[in-house]
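**Student:** show me the folded form of this:
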Amino acid sequence: MQQCVVPCYSAAWCVYKPVTQKPAAATYCTSGKPNPGEPFYSSGLLGAHVMATMLQQRQERMQWYKNELLAMATDLGHRLLPAFNTTSGLPYPRVNLRYGVLNPLSRTGTESNTCTACAGTMILEFAALSRLSGEPVFEGHARRALDVLWEKRQRGSDLVGTVINIHNGDWVRRAVTCALPLAPPQHYTAIMKYISQPPLLLSVHMHNPTVSVRGWMDSLLAFFPGLQVLRGDLKPAIETHEMLYQVTKQHKFLPEAFTTEFRVHWGQHPLRPEFAESTYFLYKATGDPYYLQVGRSIVDSLNQHARVPCGFAAVQDVRTGRHEDRMDSFFLAEMFKYLYLLFSEKEQLLFDIDDYIFSTEAHLLPVTLSTMHPACQGNASAVHPTAEEDLFTHSCPSTQTLFPNNPAFAKTIRDRYKYLLGAGGVYHTTPVSSLRVLRWFLFQKYAYPADELMPLSCRGRVRGLEPNRGDIDDVLGTFSLTLIDSMDTLVLLNRLDEFEEAVKKVIVDVRLDHDVVVSVFETNIRVLG
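**Tutor:** Below you'll find the predicted structure:
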């Protein structure tokens, strides 16, 4: 099955590689307006820098490398810092890489709201940038933003909303999802208490967490079983993952949103990798070959329903199979990486994967960063005091304890949810299903109207390009960002010659002084006009 992944990645790489030779690719866009809460650009540079220095230290390759990618990431970090110039310390949702925020030419600075994930998810990437560059300013700003979010939590439930005002810290949307478990363990505990109702993950109101606010779930929650594995909560991770797998078997992919009856709510599928990510972590924790079969089904679905002559196309509607003219860079950065690791034996990798952690977009950062120098101190007032706990409360339990040489133990958990979807896509009529039906009725009765939540969930959506707009090289603005996103996987595939070529290409072509206007949606970059 590993051989299924390599050709998939090779096909995508062969398409992107020649496009990056075009003049349009040599633009890292100082007039672009990226979201500082999506620091995948700097993360990709940092991940490639880490890979280059690792090879250099082994005296195998890259002896010519002089930290150019780290310098570029630092430069980019400084260009993102103006976003944090707010009263609260929460960043603006957009920053112009050339003019900052409040300059009239920046076309930014009028925004007042940002999503919680955008404000808080940058801590890992910015902390890594600080520790690799020796400049604590990046980690300091990211830590302050995270502290503000925690200070603004609902004290009774330890939950936070999804949209917040960046100037006064008031919550704009008070619905709570599992999209951003903050650093304090109390927040994770609150999510497990109110949102994680295996096998479902429900959205609740931060002030009244016993009431669900909508009758559907979105595909981004598929990352949560992987997080639960890292936390040591394997049982609910197995349960939720099995529910997601049943949905994928019915619809071929995870729809962008699906109801609690597992019917399609929004039919798009932009090739999101979160389900593959959780599958990898569950296999790594349990050793259960069942998850290899799940991975095989992912590969088969991609080849059968998403593969096109020039790569892999997002699915506009899982019910019809119609494609969109887009392939987001996270597909290269994450999907193939997790699938390759899933089917790889430890001795087949160039390095010990356990010495690294995955960033938001699966770029590899060494765990030794935590000891490079003292961490930036957060706001002491933001720390929620708790009683002294057992030393091992927040340690991942040994898989030998949970699964004593018996991966079949995971099967006993899965089997309870293996047949969630009966004819018509609803639970079978069992005592458990009756309870679920009652829950559906209750939170559908008290749910917010769908149209109130849709703008948030659809933020950053890119319209499909018309098929008659000309040659793909002219239409698809494939920037060096995509090249950067693919570099970790090149090392994993032992394609070191192409990795060196990619590093040189980025160093030569990516210029931070070009006046090219681009628009950033998630991690997908396209040329305007």
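
**Student:** okay, CA-based contacts and neighbour counts for the rest of this
**Tutor:** Noted.

**Student:** list the buried ones in stretch 234-248?
**Tutor:** Residues of stretch 234-248 classed as buried by neighbour count (16 or more other Cα atoms under 10 Å): 234-248.

**Student:** and the helices in the stretch 1-150 of the chain?
**Tutor:** Secondary structure of the stretch 1-150 of the chain (DSSP state H, counting those that start in this stretch): helices at 2-19, 40-57, 68-80, 116-120, 123-133, 137-151.

**Student:** looking at these, which is closest to Phe331?
**Tutor:** Among the helices of the stretch 1-150 of the chain, the nearest to Phe331 by Cα to Cα is helix 2-19 (9.8 Å).

**Student:** pretty sure Ala276 contacts Leu339?
**Tutor:** Yes: between Ala276 and Leu339 there is a contact under Cα atoms under 8 Å: 6.7 Å.

**Student:** what sits in contact with each of these two?
**Tutor:** Gly295 (Cα atoms under 8 Å, 6 or more residues apart in numbering).

**Student:** picking that back up, the helices of the stretch 1-150 of the chain: which one's closest to Ile298?
**Tutor:** That would be helix 2-19 among the helices of the stretch 1-150 of the chain, by Cα to Cα, at 10.3 Å.

**Student:** which residues does the closest residue to Ala175 other than its chain neighbours contact?
**Tutor:** Nearest residue to Ala175, sequence neighbours excluded (Cα to Cα, 6 or more residues apart in numbering): His205, at 4.7 Å. His205 sits next to 161, 174-176, 211-213 when contact means Cα under 8 Å, 6+ apart.

**Student:** same check on Met217?
**Tutor:** Applying Cα under 8 Å, 6+ apart, the residues near Met217 are 201-203, 257-260.

**Student:** same thing but at 6 Å, please
**Tutor:** Residues in contact with Met217 (Cα atoms under 6 Å, 6 or more residues apart in numbering) are 257-258.

**Student:** please apply the same query to Phe312.
**Tutor:** Phe312 sits next to Ala306 when contact means Cα under 6 Å, 6+ apart.

**Student:** now the angle between helix 68-80 and the helix or strand harbouring Phe499, please.
**Tutor:** For Phe499, the host element (DSSP states H and E) is helix 496-509. Relative orientation of helix 496-509 and helix 68-80, computed by axes from the mean of the first three to the mean of the last three Cα atoms, to 10 degrees: 40 degrees.

**Student:** show me what helix 496-509 is packed up against.
**Tutor:** On a contact count with 3 or more Cα pairs under 6 Å, 6 or more residues apart in numbering; DSSP states H and E, helix 496-509 meets no helix or strand.

**Student:** list the buried residues of that helix.
**Tutor:** For helix 496-509, the buried set under the neighbour-count rule, 16+ other Cα under 10 Å, comprises 496, 499-500, 502-503, 505-506, 509.

**Student:** could you check how far the nearest residue to Gly120 once chain neighbours are set aside is from Arg131?
**Tutor:** Leaving out its chain neighbours, the residue that sits closest to Gly120 by Cα to Cα, 6+ apart is Leu146, at 5.1 Å. Separation of Leu146 from Arg131 (Cα to Cα, to the nearest Å): 18 Å.

**Student:** out of the two, which sits in the busier spot?
**Tutor:** Taking neighbours as other Cα atoms under 10 Å, Leu146 and Arg131 compare with Leu146 leading, 25 against 20.

**Student:** can you put the helices of the stretch 1-150 of the chain in TSV and add mean pLDDT and distance to Leu365?
**Tutor:** Shown next, in TSV, are the helices of the stretch 1-150 of the chain (pLDDT from 0 to 100; distance: least, Cα to Cα, whole Å):
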stretch	mean pLDDT	distance to Leu365
helix 2-19	55	22
helix 40-57	89	6
helix 68-80	92	13
helix 116-120	86	18
helix 123-133	93	8
helix 137-151	93	15
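
**Student:** any chance of the ones you listed in CSV, plus distance to Val264?
**Tutor:** Listed next are those as CSV, based on distance: least, Cα to Cα, whole Å:
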stretch, distance to Val264
helix 2-19, 28
helix 40-57, 30
helix 68-80, 38
helix 116-120, 25
helix 123-133, 34
helix 137-151, 32
